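Novice: Give me a model of this one.
(one chain, ligands or ions: 3)
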Amino acid sequence: MADEVDALSSGRDRLPRHVAIVMDGNGRWAQQRGLPRTMGHREGAKAVRRVVEACAARGVEALTLFAFSSENWRRPRPEVEILMNLFVRTLRSEIRRLDAANVRMRFIGDSGAFSPTLQDYMAKAEQRTSGNTGLTLVIAANYGGRWDVAQAARQVAEEVAAGRLQPADVTPETFHRYTCLADLPEPDLFIRTGGEQRISNFLLWQLAYTELYFSERLWPDFTADDLDVACSAFASRQRRFGQTSEQVACGAQDDHA
Ligand code: IPE
Ligand code: IPE
Ligand code: MG
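Specialist: Ligands and ions are numbered 1, 2, ... in the order given. So this is what the prediction gives:
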């Protein structure tokens with residue numbers, strides 16, 4: 001709620017504090033060039049670097065990237081294997097640069113399904129960068145919005161079973177604390193590249209009041225300029241959080257709170 005009041009009162013010309021991106025279109029990018037889909041993933045990793053640098057340079061606080069959904073295991077096995085190898089290689093090659101750029105890395109998702117090697121790199125990347133104070137970079141890997149809600153519900157159920165929480169205490173605010181990203185500002189801007197207009201089981205709980213932006217650009221082609229265009233579109237929108245536009249224009253606070 002504090003975030004919402006902040007977003008309302010600070011006017012429209014602000015940078016999103018938290019950007020969440022569905023990086024889609026790698027396969028089509030490659031297919032358009034007569035290349036194997038996996039070349040698109042490789043090129044997509046370069047776009048990740050560009051966008052991370054651009055977000056850090058602009059002062060965005062948090063960037064959450066959808067790297068692998070809980071449904072992406074359904075892809076052909078060779079593609080999944082190449083993606084896993086690419087994650088390991090990218091983490092290994094980028095971690096030093098990210099750390100030097102004061103980026104704090106986090107992973108969300110059910111990481112237990114990954115190879116021990118990959119889990120080890122993920123844990124080491126988090127540990128190494130945990131004290132950094134610049135951009136928080138969240139990688140959603142084997143993540144699903146429904147999984148997130150279910151794991152939060154499981155934790156809440158355990159608290160209730162242990163007598164530490166009463167069923168009547170389970171409000172949106174308490175539930176929120178058990179969902180992924182609860183310690184970060186809620187996503188202000190959702191971007192999906194690749195032309196599809198769907199959420200594909202990305203953040204469900206967290207997107208309640210996020211501004212949605214869809215780009216035709218395929219992810220490997222996405223540049224810092226494209227990010228700026230998306231941020232300008234965000235800045236031109238009036239976020240009302242249920243209020244009327246007149247209330248927002250005169251900076252009314254939330255009477256209901
Ligand atoms: C997104 O690009 C990357 C992952 C899902 C890992 P796609 O691989 O989905 O690319 P398209 O949508 O097939 O073009
Ligand atoms: C969403 O893209 C997942 C990621 C970008 C990691 P998909 O390509 O998997 O989504 P669908 O299958 O088109 O909905
Ligand atoms: Mg896709």
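Novice: now the helices: where do they sit in the chain?
Specialist: 2-9, 26-31, 37-58, 77-100, 116-129, 145-161, 172-176, 224-235, 245-249 (DSSP state H).
Novice: To ligand 1, which of those helices lies closest?
Specialist: Between ligand 1 and these, the tightest spacing by Cβ to the nearest ligand atom is seen for helix 26-31, at 2.8 Å. From N, CA and C alone the C-beta is placed, and that goes for glycine too.
Novice: touching ligand 2 at all, the closest one?
Specialist: No - remark: helix 26-31 sits outside contact range of ligand 2, by Cβ under 6 Å from any ligand atom, the gap being at least 7.6 Å.
Novice: and that helix, is it in reach of ligand 1?
Specialist: Yes - counting by Cβ under 6 Å from any ligand atom, ligand 1 has neighbours in helix 26-31: 26-28.
Novice: re the thing from before, any chance of the helices of the chain in JSON lines with mean neighbour count and mean pLDDT as columns?
Specialist: JSON lines is the format used below for the helices of the chain (neighbours: other Cβ atoms under 10 Å; pLDDT from 0 to 100):
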{"stretch": "helix 2-9", "mean neighbour count": "15", "mean pLDDT": "49"}
{"stretch": "helix 26-31", "mean neighbour count": "20", "mean pLDDT": "98"}
{"stretch": "helix 37-58", "mean neighbour count": "19", "mean pLDDT": "98"}
{"stretch": "helix 77-100", "mean neighbour count": "15", "mean pLDDT": "97"}
{"stretch": "helix 116-129", "mean neighbour count": "15", "mean pLDDT": "98"}
{"stretch": "helix 145-161", "mean neighbour count": "15", "mean pLDDT": "98"}
{"stretch": "helix 172-176", "mean neighbour count": "12", "mean pLDDT": "98"}
{"stretch": "helix 224-235", "mean neighbour count": "16", "mean pLDDT": "98"}
{"stretch": "helix 245-249", "mean neighbour count": "12", "mean pLDDT": "95"}
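Novice: How about the residues of the stretch 1-150 of the chain by ligand 1?
Specialist: So the stretch 1-150 of the chain meets ligand 1 at 23-28, 68, 72, 83 (Cβ under 6 Å from any ligand atom).
Novice: list the contacts for the residue of the stretch 151-257 of the chain found nearest ligand 1?
Specialist: Here the residue of the stretch 151-257 of the chain nearest ligand 1 is Gly194; by Cβ to the nearest ligand atom that distance is 5.3 Å. When contacts are counted by Cβ atoms under 8 Å, 6 or more residues apart in numbering, Gly194 touches 22, 24-25, 28, 215-219.
Novice: One more: Glu79?
Specialist: The neighbourhood of Glu79, defined by Cβ under 8 Å, 6+ apart, consists of 37-38.
Novice: in this protein, which residue is closest to the centre?
Specialist: Closest residue to the average C-alpha location of the chain: Thr64 at 2.3 Å, with Cα atoms, centre = their mean.
Novice: now that residue, which residues is it bridged with?
Specialist: Beta bridges link Thr64 to Ala20, Val138, judged by DSSP bridges.
Novice: I'd guessed it sits against Val138; true?
Specialist: Yes - using Cβ atoms under 8 Å, Thr64 is in contact with Val138, at 4.1 Å.
Novice: what does stretch 28-42 rub up against?
Specialist: Contact with stretch 28-42 is made by 25-27, 43-44, 79, 82-83, 86, 194, 218-221, as judged by Cβ under 8 Å, 6+ apart.
Novice: Dump the residues you listed to TSV, plus distance to Val160.
Specialist: TSV is the format used below for the contacts of stretch 28-42 (distance: Cβ to Cβ, whole Å):
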residue	distance to Val160
Gly25	43
Asn26	42
Gly27	43
Glu43	47
Gly44	42
Glu79	41
Ile82	43
Leu83	38
Leu86	41
Gly194	41
Leu218	46
Trp219	41
Pro220	46
Asp221	48
